[in-house]
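Trainee: Dropping the sequence and predicted coords here.
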Amino acid sequence: MEVYADYAATTPVKPEVIDAMMEIYQSHYGNPSSIHTIGRDARRYLDESRRTVAKLLGAKPSEVIFTSGATESNNTAIKGLVYENEHLGNHIITTKIEHHSVLHVFEELEKEGYDVTYLDVDDTGKVDLDQLEEALTEDTILVSIMFVNNEVGTVEPIYDIEDIVAQSSALLHVDAVQAVGHLDIKFKDFKIDTMSVTAHKFGGPKGVGVLLVKDQTPIEFSQLGGEQETKRRAGTENLAQIVGLTKALELADENRDNNNIHLMQLKELFLVSLQERAIPFEVNGSMVETTGHILNLYFPFIDVETMLTLLDLSNIYVSSGSACTAGSTTPSHVLAAMYEEEERAKHSVRFSFNEQTTEQEIKYIVAEIHKIYHKFKEE
């Protein structure tokens, strides 16, 4: 059996999404900026996609900017908000467990002279709200906190966070990459100024995403060239992928409740099956405030590199954390922030599922882990 259990890294493109994209490639190939008939035909699909995405995410069409994905969206939002508002202060805030497309931007801004506060989290991965409140000053211009952590699945208390930030003049950016498709998020219901989304986390194509920017938000856009995306992101729009993103988002929204029930059942089956086989493990993160698609486990009896290799040999494909850190020998910065014991990150594996994952696949994973445990137990 072959089991893919790394859906938090990326998901297969859904057949309906491929069909929608192929129609664009084959029949609606015009440049949306061209004023002739073929161009106007392409523009119609672009405008329809923008309206649909806006409706599904609870935003206005004018607040939707199509990008190449989460990294561009996060970079554009953070740098744009900071540079446009640097006359108001020099202080910015994020957490120690953000995705590197956020953390590395803050680290670069720190080198440029900005004062950065990196908030702590508890052993479930939840941000320290008291520290956030204490960190905010008159000089704070931006707070950036993710909605769902990509390594442990913990859902951050965004409603509490936004209420705290709203007491100041700071702007709020949220990386919602692992949340969209799993949580019912409506941009208009939050005091969020910018929010990032990427298609390949919910059955869409890689290389396309969305940055939501609330109307009237003071932000600088640095990509120059044409006047696409209402002069906010120069460059010919990737229409086929935008249509693919839109179709994937429609499907994710339509099936979200049923998928979440399925995922929670799979997670429970996984944990119960491990317990029944007396395999030692601990859950990294929250068992309550979490999404169903990510499960990060600490196995004290084996190091993560060996575990990943042996699972791969059994045709089980998982990871130790973010795919963006592949090839790095540095332990997970997320687990390092959550736990005092340094060894924990070196013995932890992230399993992530989606609606295609079956109970049979879960049982196969557990059976293979059981074999690995007894092999190392005997040694």
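Mentor: Nice, thanks for sending it over. The model shown is predicted, which means the values in this text are computed figures rather than measured ones. Numbers count the residues shown, from 1 in each chain.
Trainee: Y25 against A240, yeah?
Mentor: Yes - under the criterion of Cβ atoms under 8 Å, Y25 lies in contact with A240, with a separation of 5.2 Å. C-beta coordinates here come from the backbone N, C-alpha and C atoms, glycine included.
Trainee: What residues sit buried inside the longest helix along the chain?
Mentor: The longest helix of the chain (DSSP state H) is helix 239-276. Neighbour counts over helix 239-276 (16 or more other Cβ atoms under 10 Å) mark 239-253, 256, 259-260, 262-263, 266-267, 270-271, 273-274 as buried.
Trainee: Quick one: distance of the one helix or strand L81 maps to to the chain centre.
Mentor: Element membership of L81 [criterion: DSSP states H and E] is helix 70-84. Relative to its chain's centre, helix 70-84 lies at 15 Å (Cα atoms, centre = their mean, to the nearest Å).
Trainee: contact partners of the helix or strand following it?
Mentor: The C-terminal neighbour of helix 70-84 among helices and strands, as given by DSSP H and E, is strand 91-95. Here strand 91-95 makes contact (Cβ atoms under 8 Å, 6 or more residues apart in numbering) with 82, 102-103, 106, 109, 114-121, 127, 132, 135-137, 139-146, 170, 337.
Trainee: What does H100 show for phi and psi?
Mentor: Reported as degrees, to the nearest 10, the phi and psi values for H100 are phi -70, psi -20.
Trainee: let me redo that: V180
Mentor: Per degrees, to the nearest 10, the backbone of V180 is at phi -70, psi 130.
Trainee: Same check on P32?
Mentor: Torsion angles, degrees, to the nearest 10, at P32: phi -60, psi -20.
Trainee: I'd like the distance between it and S101.
Mentor: According to Cβ to Cβ, to the nearest Å, P32 and S101 sit 27 Å apart.
Trainee: Same question for the helix holding L81: list its buried residues.
Mentor: So, applying 16+ other Cβ under 10 Å, buried residues of helix 70-84: 70-82, 84.
Trainee: Could you do stretch 163-170 as well?
Mentor: 164-165, 168, 170.
Trainee: Quick check: E227 touching A234?
Mentor: Yes - the criterion here is Cβ under 8 Å, and E227 meets it with A234 at 7.2 Å.
Trainee: List the buried residues in stretch 205-219.
Mentor: 205-214, 217, 219.
Trainee: Give me the phi and psi angles of the closest residue to N284 other than its chain neighbours.
Mentor: Nearest residue to N284, sequence neighbours excluded (Cβ to Cβ, 6 or more residues apart in numbering): N296, at 4.0 Å. The phi/psi pair for N296 (degrees, to the nearest 10) reads phi -110, psi 120.
Trainee: okay but N296 is in contact with N149, surely?
Mentor: No - using Cβ under 8 Å, N296 makes no contact with N149, being 9.0 Å away.
Trainee: so what's the spatially most central residue of the chain closest to, chain neighbours aside?
Mentor: Centrality entry for the chain: nearest residue to the mean C-alpha point is V177, 2.6 Å, by Cα atoms, centre = their mean. Counting by Cβ to Cβ, 6+ apart, A70 is the residue found nearest to V177 once chain neighbours are left out, at 4.7 Å.
Trainee: can you give me the helices in the stretch 101-250 of the chain?
Mentor: 129-135, 158-166, 228-231, 239-276 (DSSP state H, counting those that start in this stretch).
Trainee: In contact with V208, which residues?
Mentor: 66-69, 198-199, 238, 241-242, 244-245.
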